[in-house]
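Okay, here's the prediction I keep looking at, along with the sequence it came from:
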Amino acid sequence: MARKKDNTDITPPKEYVFDKYEIKLDEKIPKPKFTFTSLGRGCSPQGDIIAIKAKSKNGKTFLATIFAAVVLGAEMGDLKSEFPDDSRVLFFDTEQNKTNTQILMSRIHIMRGWELSNNDRLHVYSMREMPLSERMEYIVTKTKEHKPTAVFIDGIADLLQDFNDISKSGEIIGKLMTLSSYNHCAVFFVLHTNKTDGNMKGHLGTLGWQKCSDVFSVEKQKDGTFKVTETDCRNKPISDFSFKISEEGIPFIPKTIK
């Protein structure tokens, strides 16, 4: 009588003996590095995704450029870079034309105190003319190429056809999480809020809010200032601050405004 085959051997294949996804208590995992601080409190860690939200025309892009300049080493108000001399930033603009994107780039240079000439620590891209299907892959490719400290995407809704498509929204957020973790960079994205409740729009906004380490809200005040609040944070939120826009169109944080 033929012997019945023994199916109890569950020894894993050789390629699965080491599981890079499993966490061990004796594993030395480096603490995440924050991209900038406020009064010594770390904010927006590398390896995570961060959201900037607001209603239309309420200063989202201005705030993104402030954070970009700070990461690069500008000291604005209480905000200071953790890598002032060797940080790198990629800024992807999906909405504006090339002229306005170039103006955005010059603002970052001015806030950082750089001359208006190309600097290899900052790369800015105008993606308005790029086919929708190519944008996410382009961001991934450039991130791998430049190995930045931080990536800014203004705005994330232009990476997919419908921000209410739960499957595509989950795919985009998942790719950004992988991008930030694998490349050890902070990924900031900009997204509009609903007019009624202040939440980020659509399934894209809901999923993004669930996965972000930090969420910043900016709102234009009656006196022309823009108030920034960190509404959600996995660590300790930084204090509210406000900024203004100079006559030359450059954002700045007055010392007297908190």
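It's in. Since we're looking at a predicted model, the values are computed, not measured.

Stretch 103-121: which residues count as buried?
Using 16 or more other Cβ atoms under 10 Å as the test for burial, stretch 103-121 gives L104, M105, S106, R107, I108, H109, I110, M111, R112, W114, N119, R121. Using the backbone N, CA and C atoms, a C-beta is placed for each residue, glycine as well.

Contacts for that stretch, please.
Counting contacts by Cβ atoms under 8 Å, 6 or more residues apart in numbering, the residues outside stretch 103-121 that touch it are 61, 65-66, 68-69, 72-74, 76, 86-89, 91, 93, 96, 122, 124, 249-252.

And the pLDDT at M1?
The model reports M1 with a pLDDT of 51.

Need the buried residues of stretch 103-121 in CSV (columns: secondary structure, pLDDT and distance to C43).
Formatted as CSV, the buried residues of stretch 103-121 follow (DSSP: H, G, I helix; E, B strand; the rest coil; pLDDT from 0 to 100; distance: Cβ to Cβ, whole Å):
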residue, secondary structure, pLDDT, distance to C43
L104, helix, 97, 22
M105, helix, 98, 23
S106, helix, 98, 25
R107, helix, 98, 21
I108, helix, 98, 18
H109, helix, 98, 23
I110, helix, 98, 23
M111, helix, 97, 17
R112, helix, 97, 18
W114, coil, 97, 23
N119, coil, 97, 24
R121, coil, 98, 20
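
Name the helix or strand for the residue lying closest to K201 once chain neighbours are set aside, please.
Leaving aside its chain neighbours, K201 sits nearest to H192 (5.3 Å; criterion: Cβ to Cβ, 6 or more residues apart in numbering). For H192, the host element (DSSP states H and E) is strand 186-192.

In its sheet, which strands sit next to that strand, and in what direction?
Using DSSP bridges, the strands paired with strand 186-192 are strand 49-54 (parallel), strand 150-154 (parallel).

Reformat those strands into TSV and put distance to D162 and mean pLDDT next to each item.
Shown next, in TSV, are the strands paired with strand 186-192 (distance: least, Cβ to Cβ, whole Å; pLDDT from 0 to 100):
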stretch	distance to D162	mean pLDDT
strand 49-54	19	97
strand 150-154	17	98
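
Quick one, which of the ones you listed gets closest to Q221.
Closest approach to Q221 among these (Cβ to Cβ): strand 49-54, 12.2 Å.
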